[in-house]
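Peer 1: What follows is a protein structure lacking sequence information:
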DNA sequence: AGGCCGATCCTCT
DNA sequence: GAGGATCGGCCTA
């Protein structure tokens, strides 16, 4: 398993604060077929109903329901829901118990298990690419900008439902899972990667509260989803 | 590069 | 009964 487990305290903070810091962390899935892992390169924050700003795009904005109850529980757990009858999206719960702030994972850079990702995504034409790629064979410490920029790499896990499909994340198997437990099949880990330039923009694909600047991505990273031309502003981390 | 469309079904009102 | 934190295919330019 690459890197080290992230701490609970990291996620027990205000969601707007945690979201940009989550960029660069690893989402790791231990499966029978082997370890599948990706680096978080794009996220969106969703505000709980306790927040001063009402976020009508958040699933929690009218309070707890059977679907969203995980959001009101402790930080560092997976909230996985199904959408459009055919896909899943995954969030990570933040803030103390009772506060429903969460972070939607929107895109990963494939790091380990690229061949399994291609199979899970039903992209058989990408199997040769995944086998050829160093990272796919598991010795993947090296960062290769050209590879991260390739259409093949982007096709694997750029998009909230694509990344769930690539890692094999489903609601029945993973909703409510503790991502910070060494026993869990699904974990968030830190391998020392530090984000330098983070772009902040409006969130994608929502009707309500569409103007809030709550989408965060690694600046100029080839695996970020959505339009290539981006507005918003860039924040430099030291 | 960007816009429109249909698939498909769960959730909440 | 309506709508949705999407995706992939197909269209125009």
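Peer 2: Great, that's in hand. Small disclaimer: the values here were computed from a predicted structure and weren't measured.

Peer 1: give me the number of residues near the residue nearest to residue A:24 when sequence neighbours are not counted?
Peer 2: Distance criterion Cβ to Cβ, 6 or more residues apart in numbering; nearest residue to residue A:24, sequence neighbours excluded, is residue A:193 at 4.0 Å. (Glycine included, C-beta is placed from N, CA and C.) Using other Cβ atoms under 10 Å, residue A:193 has 16 neighbouring residues.

Peer 1: which parts of chain A sit against DNA strand C?
Peer 2: A:44, A:46, A:57-60, A:79, A:83-87, A:89, A:91, A:102, A:104, A:121, A:155, A:159-162, A:203-207, A:225 (Cβ under 7 Å from any atom of the strand).

Peer 1: Using neighbour counts, pick out the buried residues of the longest strand along chain A.
Peer 2: Longest strand of chain A, by residue count under DSSP state E: strand A:34-46. Neighbour counts over strand A:34-46 (16 or more other Cβ atoms under 10 Å) mark A:36-46 as buried.

Peer 1: will you turn the residues you listed into CSV that also has pLDDT and distance to residue A:114?
Peer 2: As requested, the buried residues of strand A:34-46 are exported to CSV (pLDDT from 0 to 100; distance: Cβ to Cβ, whole Å):
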residue, pLDDT, distance to residue A:114
A:36, 98, 9
A:37, 98, 10
A:38, 98, 9
A:39, 98, 13
A:40, 98, 17
A:41, 98, 15
A:42, 98, 19
A:43, 98, 22
A:44, 98, 25
A:45, 98, 29
A:46, 98, 30
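
Peer 1: Show me which residues of chain A are close to DNA strand B?
Peer 2: A:62, A:65-68, A:81-82, A:84-86, A:227-229.

Peer 1: out of those residues, which one sits closest to DNA strand C?
Peer 2: residue A:84 (4.4 Å; Cβ to the nearest atom of the strand).

Peer 1: show me what contacts residue A:104?
Peer 2: Contacts for residue A:104 (Cβ atoms under 8 Å, 6 or more residues apart in numbering) come out as A:43-46, A:89-91, A:160.

Peer 1: how long is stretch A:200-212 end to end?
Peer 2: Criterion Cα to Cα, to the nearest Å; first-to-last residue distance in stretch A:200-212 is 10 Å.

Peer 1: And the contacts of that stretch?
Peer 2: A:20, A:44, A:47, A:53-58, A:106, A:213-217, A:225-226, A:230-235.

Peer 1: In it, which residues are buried?
Peer 2: For stretch A:200-212, by 16+ other Cβ under 10 Å, it's A:200-204, A:206, A:209, A:212.

Peer 1: Tell me where the model's unsure across chain A.
Peer 2: Applying pLDDT under 70 to chain A picks out residues A:134-145.

Peer 1: quick revisit: quick one: which of the residues of chain A next to DNA strand C sit in strands?
Peer 2: Those of the residues of chain A next to DNA strand C lying in strands (DSSP E): A:44, A:46, A:79, A:83, A:87, A:89, A:91, A:102, A:104.

Peer 1: All the strands of chain A, residue numbers only.
Peer 2: Going by DSSP E, chain A shows strands at A:4-5, A:26-31, A:34-46, A:78-83, A:87-93, A:102-112, A:186-190, A:197-201, A:215-218, A:233-236.

Peer 1: a markdown table for those, including distance to residue A:175?
Peer 2: What follows is the strands of chain A, written out as a markdown table (distance: least, Cβ to Cβ, whole Å):
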| stretch | distance to residue A:175 |
| --- | --- |
| strand A:4-5 | 20 |
| strand A:26-31 | 14 |
| strand A:34-46 | 16 |
| strand A:78-83 | 4 |
| strand A:87-93 | 9 |
| strand A:102-112 | 12 |
| strand A:186-190 | 11 |
| strand A:197-201 | 28 |
| strand A:215-218 | 23 |
| strand A:233-236 | 32 |
